[in-house]
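[1] curious how this folds, go ahead:
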Amino acid sequence: MQGDDASVKLTLIRDLTARRSHREALAAIASLEPTCATSREALYLTAVNQRCLGHNAAALATLDRLTQQHPQFSRAYEERGHCFVALNDFPAAIESFQRGVSINAALPSSWEMLQRLHSARGDARNAAIAAEQRARLLRLPAQIVHAGSLFCDGELALAESVLHDFVRSSGRHVEALRLLGRLAHQRNALDEAELLLEETVRLAPDYRAAAADYARVLIDRQRYQEALKALASLLRLETENADFLALKATALAGTGEHQRAIELFRRVLGTTLAWPHLHLLLGHSLKATGRQQEAIESYRSAAAARAGFGDAYWSLANLKTYRFTDEEIARMRSEESKPDAPVVDRYHLCFSLGKAFEDLGDYAQSWGYYERGNALRRTQSRYQPGLTENAVRALIELCTRDFFLEREGAGAPDFAPIFIVGLPRSGSTLIEQILASHSKVDGTRELQDIERIARELGATDAHYPGALASLRAEDFRRLGERYLSDTLVYRGGKPFFIDKMPNNFLHVGLIHLILPNARIIDVRREPMACCFSNFKQLYASGQEFSYTIDHIARYYRGYLELMDHWDKVLPGRVLKVQYENVIEDFEPSVRGILEFCGLELEPACVEFYKTERAISTASSEQVRQPIFREGLTQWRRYEPWLGSLRDALGETLVSLCPQGTQSEIASRNRREKTM
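    Below is the predicted model of the structure:
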């Protein structure tokens with residue numbers, strides 16, 4: 001069936017449903033081709049017509065299928081609520097309607113039912129809240145309600161167009177601003193989202209849904225303390241709101257308070273619908289604290305709560321030490337191959353299957369899934385390698401040796417920060433764990449504060465890095481002090497702390513200017529190993545360069561070019577650590593790293609794997625084990641498919657590999673080839 005034909009038939013089915021011709025509507029749905037009959041709209045209309053015929057059990061089964069495939073489809077929860085009302089299961093109805101409005105506050109029917117149900121149960125307070133929300137919706141302009149429906153249906157571009165037209169003609173309406181903020185958040189335009197939602201909350205301080213949206217953006221911007229403050233106000237008004245409690249748990253996990261987060265996630269999961277995503281977040285906190293078996297159980301619960309939930313399987317794979325059962329592999333293959341499987345689930349499943357077959361030694365099949373997963377993930381990315389390369393050129397052009405000499409002595413003089421930079425999957429988590437095992441060093445996380453400062457400077461007329469040229473010594477000092485103040489929440493009171501954001505290699509010059517006494521460590525890994533490790537890693541966010549072999553190679557070359565520049569204009573400022581050297585000559589390497597940081601050797605640094613601390617990166621389970629060499633040349637198992645990567649890296653493979661490691665790596669590779 002052609003797309004236009006399917007659209008015409010669905011329009012007819014909607015008309016039959018509206019005219020209460022429910023049997024005819026179901027018959028028309030049955031005549032659709034399978035791919036159309038299992039679409040979101042067809043499943044929703046099936047459930048509506050089943051309920052209207054009194055077939056509530058069948059409707060609930062259809063809705064279970066719908067919410068498994070589309071867990072953020074608010075009208076599915078609204079329809080589930082109507083089914084439970086028909087069955088006189090009022091607690092379940094309330095929970096379903098509440099879930100719907102937590103996803104989309106613009107559901108008048110859900111608010112009306114919540115008002116009635118709460119009133120019937122004698123809950124005057126929540127009935128009044130629902131009545132207030134319904135009345136508020138009825139006062140909204142039709143364009144905003146329409147845009148809200150488009151937003152919830154996934155028609156983001158059209159929703160944004162409708163809202164911009166409305167704002168141009170009618171002004172900055174609160175609900176229009178909120179929806180625009182949510183759309184910006186959806187596009188990962190966090191600066192724009194924050195500004196829009198901040199304005200929404202300022203104009204309507206009692207608008208709880210908007211305040212919750214604002215808290216979500218603050219969490220994604222790693223501004224956890226501000227998010228917790230916003231959530232505290234909301235929870236004073238609605239102490240048992242599951243959505244607000246889940247957000248609080250997420251923010252607590254962000255600050256490193258994983259035990260409190262775990263307790264709160266479990267509290268929410270014990271009192272509400274089994275939200276698959278909450279099981280996932282609980283698993284992440286359990287993983288960060290080293291409770292691997294409990295994390296596995298939580299990830300499995302997430303997979304059980306929604307069939308085909310790709311992120312649940314990837315979370316298991318991303319433990320790096322987990323081995324999938326034959327049954328799990330068969331289930332993943334089946335779910336990934338379904339024509340109606342969402343793209344986000346498909347690429348998570350592909351990366352998971354890539355890891356599963358890698359563990360089984362079936363590298364051809366593993367490569368096929370890694371390649372397919374990357375291709376699917378690229379469809380969701382807007383990464384442009386030229387922008388990164390332009391940024392590298394701009395930094396090299398501006399940040400000369402004279403540029404830094406003219407600004408010598410600027411910045412905050414604190415010695416506390418230790419920055420670990422480089423590419424992801426370079427071995428930086430190992431270096432972090434070694435340092436964080438020292439009695440004088442706090443391990444934190446990959447902090448976004450330096451990137452945030454760079455973005456704010458980029459918002460000026462001079463852009464970034466050009467804006468650096470116009471800053472005065474006191475400006476650099478102020479920015480350094482701000483960084484130290486903003487990161488204080490992640491520290492535990494020790495003299496030094498680690499910021500392990502790999503992308504900060506782009507900002508070595510900025511770090512030097514605002515924190516001239518900070519230590520900076522560049523962790524390098526052999527190019528083929530590092531680049532392939534990025535290709536088979538699915539990141540929760542960021543690192544958009546990693547889903548194409550050519551983009552990875554270009555990013556790696558740009559990284560080396562820029563680090564070489566920093567070495568020339570800031571000689572001795574950055575310590576280069578070659579991961580392979582650390583593995584092969586461990587204790588002397590540890591001594592050298594500690595000496596660079598002004599620290600004495602402590603036994604705990606050598607026995608880093610015994611240190612108990614929260615670790616949130618993909619290597620968390622690996623650095624809880626003693627040094628192992630198996631990872632040095634794992635990429636060679638995929639060598640038949642990596643010719644394009646080798647060609648793209650070109651002379652980088654030899655000329656930019658640190659002296660003293662080339663012959664060792666080459667010799668080891670030759671030995672392994674002959675074995």
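[2] which element is encountered next along the chain beyond the helix or strand hosting residue 231?
    Using DSSP states H and E, residue 231 sits within helix 224-237. Per DSSP H and E, helix 224-237 leads on to helix 242-254 as the next helix or strand towards the C-terminus.
[3] what does that next one contact?
    Residues from elsewhere that reach helix 242-254 (C-beta atoms under 8 Å, 6 or more residues apart in numbering): 98, 102, 212, 215-216, 218-219, 222, 224, 227-228, 231, 234-235, 238, 258, 260-261, 264-265, 267-268, 271-272, 275, 278, 281, 284-285, 288. Where C-beta positions appear, they are placed from N, C-alpha and C, glycine not excepted.
[4] in this structure residue 607 contacts residue 438, no?
    No. With contacts counted by C-beta atoms under 8 Å, residue 607 stays clear of residue 438, the gap being 11.8 Å.
[5] who has more neighbours out of the two?
    Neighbours were counted for residue 607 and for residue 438 using other C-beta atoms under 10 Å; residue 438 has more, 23 against 12.
[6] surely that one and residue 594 touch.
    Yes. Using C-beta under 8 Å as the test, residue 438 is close enough to residue 594 to be in contact (7.1 Å).
[7] overlap in contacts of the two?
    residue 605.
[8] next, count neighbours for residue 639.
    15.
[9] hang on, it in a helix?
    Yes. Assigned with DSSP: H, G, I helix; E, B strand; the rest coil, residue 639 falls within a helix.
[10] any idea of the pLDDT on residue 2?
    pLDDT, residue 2: 48.
[11] same check on residue 589?
    94.
[12] now it: which helix or strand?
    Going by DSSP H and E, residue 589 is in helix 586-596.
[13] list the buried residues for that helix?
    For helix 586-596, the neighbour count (16 or more other C-beta atoms under 10 Å) marks 589, 590, 593, 594, 596 as buried.
[14] and those residues, which is closest to residue 179?
    residue 593 (49.4 Å; C-beta to C-beta).
[15] surely that closest one touches residue 521?
    Yes. Using C-beta under 8 Å, residue 593 makes contact with residue 521 at a distance of 6.8 Å.
[16] which neighbours do the two share?
    431, 575, 577.
[17] and the second one, what is it in contact with?
    Residues in contact with residue 575, defined by C-beta under 8 Å, 6+ apart, are 519, 520, 521, 522, 592, 593, 596.
[18] what about it, is that helix, strand or coil?
    strand.
[19] how far away is it from residue 598?
    Distance, residue 575 to residue 598, using C-beta to C-beta, to the nearest Å: 12 Å.
[20] then the last one?
    Between residue 577 and residue 598 the distance is 16 Å, computed by C-beta to C-beta.
[21] more neighbours, these two?
    Comparing residue 577 with residue 598 by neighbour count (other C-beta under 10 Å), the higher total belongs to residue 577, at 24 against 13.
[22] tell me the secondary structure at the residue lying closest to that one once chain neighbours are set aside.
    Distance criterion C-beta to C-beta, 6 or more residues apart in numbering; nearest residue to residue 577, sequence neighbours excluded, is residue 523 at 5.0 Å. Residue 523 falls in the strand class when you classify it by three-state DSSP.
[23] so what's residue 523 bridging to?
    For residue 523, the beta-bridge partners are residue 422, residue 577 (DSSP bridges).
[24] wait, what's in contact with it?
    Residue 523 neighbours (C-beta under 8 Å, 6+ apart): 420, 421, 422, 426, 427, 428, 431, 577, 579.
[25] now with 10 Å, please.
    When contacts are counted by C-beta atoms under 10 Å, 6 or more residues apart in numbering, residue 523 touches 420-423, 426-432, 500, 502, 505, 530, 575-579, 582, 593.
[26] which stretches of the stretch 301-450 of the chain form helices?
    Remark: helices assigned in the stretch 301-450 of the chain by DSSP state H, counting those that start in this stretch are 310-317, 326-337, 343-359, 363-378, 385-398, 401-406, 428-436, 449-458.
[27] can I get the last one in CSV? Just the C-alpha atoms.
    The reference is to helix 449-458. Coordinates of each C-alpha in helix 449-458 appear next as CSV, following Å, rounded to 0.1, in the frame of the first residue of the first chain:
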residue,chain,number,x,y,z
ASP,A,449,31.6,23.4,32.8
ILE,A,450,34.5,24.2,30.5
GLU,A,451,32.4,23.5,27.4
ARG,A,452,29.6,25.7,28.9
ILE,A,453,32.0,28.6,29.3
ALA,A,454,33.2,28.2,25.7
ARG,A,455,29.6,28.1,24.5
GLU,A,456,28.8,31.3,26.4
LEU,A,457,31.9,33.0,24.9
GLY,A,458,30.8,31.8,21.5
